[in-house]
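> sequence first, then the predicted structure, then my questions.
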Amino acid sequence: MLTRTLKLKFNKEQEKKAERYLLTLSSVYNWSLSKFLNSTNKEDKHWISLCDQTKGHASKVGIDSQVFQQTMKISYSSFDRYRKRKSGKPKFKSSRNKLKSFVIPQRFSINGNRLKLPDFGLVKYFNQELPSGKIKQVKIIKKASGWYACLIIDTINTFPTKETSERIGIDTGFKDLAILSNGVKFENNREFIKQQTRLAQAQRGGNKKLSARMHERISNRRRDYNHKVSRKIVENYSEIYITNDNLRGQAKIFGKSVMDAGISQLREFIRYKSENNNRIFKLIESKNTTKTCSSCGSLSGPSGLQELNVRVWECDCGSIHDRDINSAMNILKLGLGYNLVNLKLSDKITLFLDKNHRR
């Protein structure tokens, strides 16, 4: 599946209708969610029985019947994830938690540079090249910059890749977004950090539209950069091993630096692009990769928050390491199935004696 987003050019009548859809469907979502939360029916298709109860009601409120039913299905999905303890309790829609999208599952088509939608007719959009494939569904989204149609297309996105057998390990961070085991580094653009002063001014001034637009622009720039980095990596390497850091735990310590980097998004982009282009991709647990010497395997490197500022260090064996590149090299070793600690006990004793002798 491939996602493509089109910016729509609603006329005034279509925009009013879309606003009315969101308002009405918010009530539908809240009503169905309350039914699910208060029901004792544990069947997986409980939302279908609710659809039977509301048959014919969509036309009374002026909503397409399939969009009406799809909203109840989305509501049930939120409840079902909560019931299976995969997420927190779903929240009702309100002025602070607005419904910003609705799904059109069928009866749509592309006619030239127009999108034909049920109950909306032909809608113009900013023209862009779309990949060939069947459109499975359309999601209409309201953002700060306007209305968008998110198309789910049944196709595989491939692009030209380099014929190579080169394998790479990747460590992720905040100063540099991605550090490769061959020494290549992709810097972190820090889009949020760059804009936070202007964003704070907009928020203090109560300009909600400007604030929302700035958040959207920051998100778009981060996504665009992560797409470019992930494509370059997949283009040039046949096997990709990337650290599987606990980003939630890091966010509790480092806060916005983690969220601004978009590491989780980058990993996901590399994963699906690797799968689509027949590249090997694997997440690697990063325990001890920073403090293990990639040359001799001894645990002589910096560790813990107190030594986070140590970016270059020298091992007992005499090797000088860049902290991040050394970690990426160890991630590559783990991905290839090697054990990080390769030294024999006698070798470690010799290194220890040599170190004391130098002193």
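Thanks, I have the structure now. Not measured: the values here are computed from a predicted model.

> helix or strand for the residue nearest the centre of the chain, which one?
Geometric centre of the chain, nearest residue: Gln265, 3.2 Å, by CA atoms, centre = their mean. Under the criterion of DSSP states H and E, Gln265 resides in helix 263-276.

> please name every helix or strand in contact with that helix.
strand 167-172, strand 176-180, helix 208-236, strand 239-243, strand 280-284 (3 or more CB pairs under 8 Å, 6 or more residues apart in numbering; DSSP states H and E). Bear in mind the C-beta positions are built from the backbone N, C-alpha and C, glycine included.

> now do 10 Å
On a contact count with 3 or more CB pairs under 10 Å, 6 or more residues apart in numbering; DSSP states H and E, helix 263-276 meets strand 167-172, strand 176-180, helix 208-236, strand 239-243, helix 247-254, strand 280-284.

> and that helix, how far out from the chain middle?
9 Å (CA atoms, centre = their mean, to the nearest Å).

> between that helix and strand 280-284, how big is the angle?
If you take axes from the mean of the first three to the mean of the last three CA atoms, to 10 degrees, helix 263-276 sits at 150 degrees to strand 280-284.

> restricting to C-alpha, output helix 263-276 in PDB.
C-alpha atoms of helix 263-276 as PDB (Å, rounded to 0.1, in the frame of the first residue of the first chain):
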ATOM      1  CA  ILE A 263      13.900   9.000  14.800                       C
ATOM      2  CA  SER A 264      10.900   6.700  14.900                       C
ATOM      3  CA  GLN A 265       9.600   8.100  11.700                       C
ATOM      4  CA  LEU A 266      13.000   7.700  10.000                       C
ATOM      5  CA  ARG A 267      13.200   4.100  11.100                       C
ATOM      6  CA  GLU A 268       9.800   3.400   9.700                       C
ATOM      7  CA  PHE A 269      10.600   5.000   6.400                       C
ATOM      8  CA  ILE A 270      13.800   3.000   6.000                       C
ATOM      9  CA  ARG A 271      11.900  -0.200   6.900                       C
ATOM     10  CA  TYR A 272       9.200   0.000   4.300                       C
ATOM     11  CA  LYS A 273      11.500   1.300   1.600                       C
ATOM     12  CA  SER A 274      13.900  -1.500   2.300                       C
ATOM     13  CA  GLU A 275      11.000  -4.100   2.000                       C
ATOM     14  CA  ASN A 276       9.700  -2.500  -1.200                       C
END
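
> I'd like to check the angle between that helix and strand 176-180, please.
Here helix 263-276 points in a direction 40 degrees away from that of strand 176-180 (the same axes, to 10 degrees).

> quick thing: my sequence starts at 288, can you match it?
Renumbered: residue one is now 288, and that last one reads helix 550-563.

> can you point out the buried residues in helix 550-563?
Across helix 550-563, burial judged by 16 or more other CB atoms under 10 Å covers Ile550, Ser551, Gln552, Leu553, Arg554, Phe556, Ile557, Arg558, Tyr559, Lys560, Ser561.

> tally of neighbours for the spatially closest residue to the third one that is not a sequence neighbour?
Same thing as Gln552. Residue nearest to Gln552 in three dimensions, not counting chain neighbours: Asn513, with 5.3 Å by CB to CB, 6 or more residues apart in numbering. Residues lying near Asn513 (other CB atoms under 10 Å) number 24.

> who's in contact with Asn513?
Asn513 sits next to 464-465, 473, 476, 548-557 when contact means CB atoms under 10 Å, 6 or more residues apart in numbering.

> and what of Phe479?
Phe479 touches 486, 501-502, 505-506, 508-509, 543-544, 546-549, counting by CB under 10 Å, 6+ apart.

> and which of these is nearest to Leu595?
Set against Leu595, the nearest of those by CB to CB is Ser544 (11.9 Å).

> separation between that closest one and Asn469?
Separation of Ser544 from Asn469 (CB to CB, to the nearest Å): 25 Å.

> thank you, goodbye.
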